[in-house]
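# would you be able to build a 3D model of this:
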Amino acid sequence: MQPLPAPYPADLIPGATGMAAFEAAYRQAKEQDAVFVAIESLGEHWTVTADMITAPRHAVADSVYDAIRAAVIQMIRAGEIRTDSSAGPVCFVLHDVADESRARERAAALHAALYGNLAPLARAMPTAS
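You can find the predicted model right below:
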């Protein structure tokens, strides 16, 4: 298994549709002591999941958590994700992302934020209409 870069670029975000794919992606993140991130197809929509449990020594600044929470609220208000999406502090889940491309973009932005780079998260946010 080749180590993945941290954070993962959008094209390397693992697909975790189905239990076997989810377990494989989770196991890889855990073995690499990396923050888990993956996308999953659920019918017409996609789910983005990130989990800090796989990287117990990884620290995230409070300002990063604040930025992620603000981004999740902005996506909910824009109707881009469901209201039951989660903004941490350990597990992050974005429900009902419209398509795979958008899910990959959101997952990569979330993963980058968890590694301290907030710029991709800011770029991925919906614009006010």
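# switch to C-alpha atoms for all contacts and neighbour counts from now on
Fine.
# which residue ranges form the helices in this structure?
Using DSSP state H, the helices found in the chain span residues 19-31, 62-77, 100-114, 119-124.
# which ones are touching the residue nearest the centre of the chain?
Most central in the chain under Cα atoms, centre = their mean is residue 107, positioned 3.5 Å from the mean C-alpha point. Applying Cα atoms under 8 Å, 6 or more residues apart in numbering, we find residue 107 in contact with 10, 13, 37, 38, 39, 48, 49, 50.
# please redo it, this time with the cut-off set to 6 Å
residue 48 (Cα atoms under 6 Å, 6 or more residues apart in numbering).
# that one and residue 48, how far apart?
6 Å (Cα to Cα, to the nearest Å).
# what do you get for residue 59?
In terms of Cα to Cα, residue 59 sits 21 Å off from residue 48.
# which residues belonging to stretch 91-107 are considered buried?
92-97, 100, 102-107 (16 or more other Cα atoms under 10 Å).
# mind putting these into TSV with pLDDT?
What follows is these, written out as TSV (pLDDT from 0 to 100):
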residue	pLDDT
92	97
93	97
94	97
95	97
96	96
97	96
100	96
102	95
103	97
104	96
105	95
106	96
107	96
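# from those residues, which two are the most distant?
The span of the buried residues of stretch 91-107, defined through Cα to Cα, is set by 92 and 100 at 17.5 Å.
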